[in-house]
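Asker: okay, here's the prediction I keep looking at, along with the sequence it came from:
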Amino acid sequence: MTIRVGVIGVGIMGADHARNIAHNIGGASLAGVADIDAACAAEHSYGGFITVDALELIGHPDVDAVIIASHDSTHAELVLAAMAADKPVLCEKPLARNAADSRRIVEADLEVRARTGKSLLGVGFMRRFDPGHVRLRRTIEEGELGRVLMVHCISRNVSSAPGTSNESAIMNSAIHELDSVAWMIGSPIAEVAWIPVGAGSVHAAGSFQDPAFMMLRTASGVLATLELYLNARHGYSTQCEVVCEEGTVSLREPAEVEFNEGGKNFVEYPADWRPRFAEAYRNELQAWIHAIADGTGNPLASGQDGLNAALVGEAMVESMRRGGAFVSVQGALVG
């Protein structure tokens with residue numbers, strides 16, 4: 001059985017999804033792509049149909065399942081349209097621009113579950129399919145190193161996108177850790193704080209504070225920290241260390257190339273997140289396609305997980321606006 005996939009939005013992320021579906025994912029084919037830029041759609045169509053109308057793609061008879069990688073502002077209505085058409089949908093993070101829209105989607109998903117017995121919705125938090133993050137989670141679940149005491153996360157990028165603000169840095173970049181910490185620990189985030197760090201990078205424009213330091217506490221009591229630095233300049237880097245009673249376990253930086261030159265030893269960092277998480281994206285897409293073909297449950301982050309991340313993000317924004325006060329997260333549940 002071949003699942004015919006339509007991709008909405010073929011910018012950086014959507015283009016990668018289209019290429020993977022066309023060439024790297026077993027049991028899937030790229031039926032078509034939709035993008036407001038027809039030339040961009042044609043460039044990444046790989047023989048599928050092209051359209052500038054996302055709703056046309058969702059309703060197309062040759063499309064069995066939909067990937068949404070368009071602008072964040074479009075996610076909610078497109079997800080709801082795909083679900084109304086009874087088509088499985090993978091929505092890139094964030095699920096929606098805010099918790100209110102995310103909650104609308106979760107309610108619609110619950111109606112689908114009540115009617116069909118399964119969910120049509122998966123949210124694209126790719127760290128859940130990264131081998132390193134999966135190993136960290138398994139170590140925690142199996143209790144290899146005893147009880148978890150703390151988690152330290154670092155997320156660095158070369159440069160921030162034009163127009164990045166403190167709010168968008170939280171809702172679009174930090175949101176990965178806001179999801180992955182809860183997923184690894186197995187407990188929702190209960191309270192958060194955004195801590196002012198003083199002098200920021202000269203590369204951060206306007207009032208954008210970069211780097212930023214954040215704290216999260218799970219409902220089970222585990223404290224996690226996050227350094228988010230979007231203008232680190234040296235390359236893309238994501239790190240995580242889990243501190244336990246009997247030791248620690250950490251992600252290792254995957255080095256593509258190592259140099260020995262002029263009395264120095266150094267490695268090259270990727271320019272952005274895609275090389276680092278290329279395997280995770282393929283694993284995520286393959287798991288999604290297998291689940292659709294087999295008729296099994298959603299293997300991706302759920303709608304509730306997407307809502308949780310939005311709730312945590314909005315609490316973090318409130319903390320930032322209140323000068324770093326701890327803010328409780330209301331309504332986050334196990335996905």
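Answerer: Yep, it's here.
Asker: any idea how far the spatially most central residue of the chain lies from residue 324?
Answerer: For the chain, residue 125 is the residue whose C-alpha lies nearest the centre (CA atoms, centre = their mean; 3.1 Å). Here residue 125 is placed at a distance of 26 Å from residue 324 (CB to CB, to the nearest Å). C-beta: built from backbone N, CA, C; applies to glycine.
Asker: again with residue 103
Answerer: Here residue 103 is placed at a distance of 27 Å from residue 324 (CB to CB).
Asker: neighbour count winner among the two?
Answerer: residue 103 (19 against 16; other CB atoms under 10 Å).
Asker: for the more buried one, helix, strand, or coil?
Answerer: Three-state assignment for residue 103 (DSSP: H, G, I helix; E, B strand; the rest coil): helix.
Asker: pLDDT below threshold where in the chain?
Answerer: 254-256, 334-335 (pLDDT under 70).
Asker: can you show me the strands along the stretch 201-335 of the chain?
Answerer: Counting by DSSP state E, counting those that start in this stretch, the stretch 201-335 of the chain has strands at residues 212-218, 223-229, 237-244, 247-250, 258-261, 264-267, 327-328.
Asker: C-alpha coordinates for the third one, CSV please?
Answerer: Which is strand 237-244. What follows is strand 237-244, C-alpha atoms only, in CSV (Å, rounded to 0.1, in the frame of the first residue of the first chain):
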residue,chain,number,x,y,z
SER,A,237,24.4,23.0,18.4
THR,A,238,21.9,21.2,20.7
GLN,A,239,22.9,19.7,24.0
CYS,A,240,21.2,18.0,26.8
GLU,A,241,22.4,16.5,30.1
VAL,A,242,20.3,14.5,32.5
VAL,A,243,21.6,14.5,36.1
CYS,A,244,20.5,11.4,38.0
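Asker: that one pairs with which strands?
Answerer: strand 148-156 (antiparallel), strand 247-250 (antiparallel) (DSSP bridges).
Asker: residues making contact with the last one?
Answerer: Same thing as strand 247-250. By CB atoms under 8 Å, 6 or more residues apart in numbering, the residues outside strand 247-250 that reach it are 135-136, 139, 144-146, 239-242.
Asker: do the same with the first one
Answerer: Residues outside strand 148-156 that contact it (CB under 8 Å, 6+ apart): 140, 173-174, 176-177, 180-181, 184-185, 222-230, 232, 234-245.
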